[in-house]
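Engineer: Requesting a structural model of the entry that follows:
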Amino acid sequence: MYSAFALLPLLLWLALLGFGIYFMINILRFMRTKNEHDALLIQKVDELAAKLDQIERKD
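Structural biologist: Next up is the predicted model:
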């Protein structure tokens, strides 16, 4: 019975460490996909700006 209570802090520490690692991995995945989407968005904005310049030059 006493040994089970002795393992409890270790198990809680490992659970907290595991959650921290899981959280950091999810943050890194999110940031990677966010950077990809932001790059696509910037590309689209540049294309729209170029089309607006072409329209303004025709006028």
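
Engineer: Could you use CA atoms for every contact and neighbour count after this?
Structural biologist: Noted.

Engineer: ok, which stretches of this structure are strands?
Structural biologist: Ranges of strands within the chain: none, based on DSSP state E.

Engineer: Run through it and note the low-pLDDT ranges.
Structural biologist: For the chain, the stretches with pLDDT under 70 are 1-2, 59.

Engineer: how close does the residue most central in space within the chain get to Gly20?
Structural biologist: Central residue of the chain (Cα atoms, centre = their mean): Phe30, 1.8 Å from the mean position. Plainly put, Phe30 is 15 Å away from Gly20 if you go by Cα to Cα, to the nearest Å.

Engineer: again, but for Ala39
Structural biologist: Separation of Ala39 from Gly20 (Cα to Cα) stands at 29 Å.

Engineer: and if you look at Lys58?
Structural biologist: Note on Lys58: its distance to Gly20, by Cα to Cα, is 57 Å.

Engineer: For those two, work out which one has more neighbours and name it.
Structural biologist: Between Lys58 and Gly20, Gly20 has the larger neighbour count (other Cα atoms under 10 Å), namely 12 against 7.

Engineer: can you map out the helices along this protein?
Structural biologist: 2-58 (DSSP state H).

Engineer: Could you count how many residues lie near Ala50?
Structural biologist: Residues lying near Ala50 (other Cα under 10 Å) number 12.
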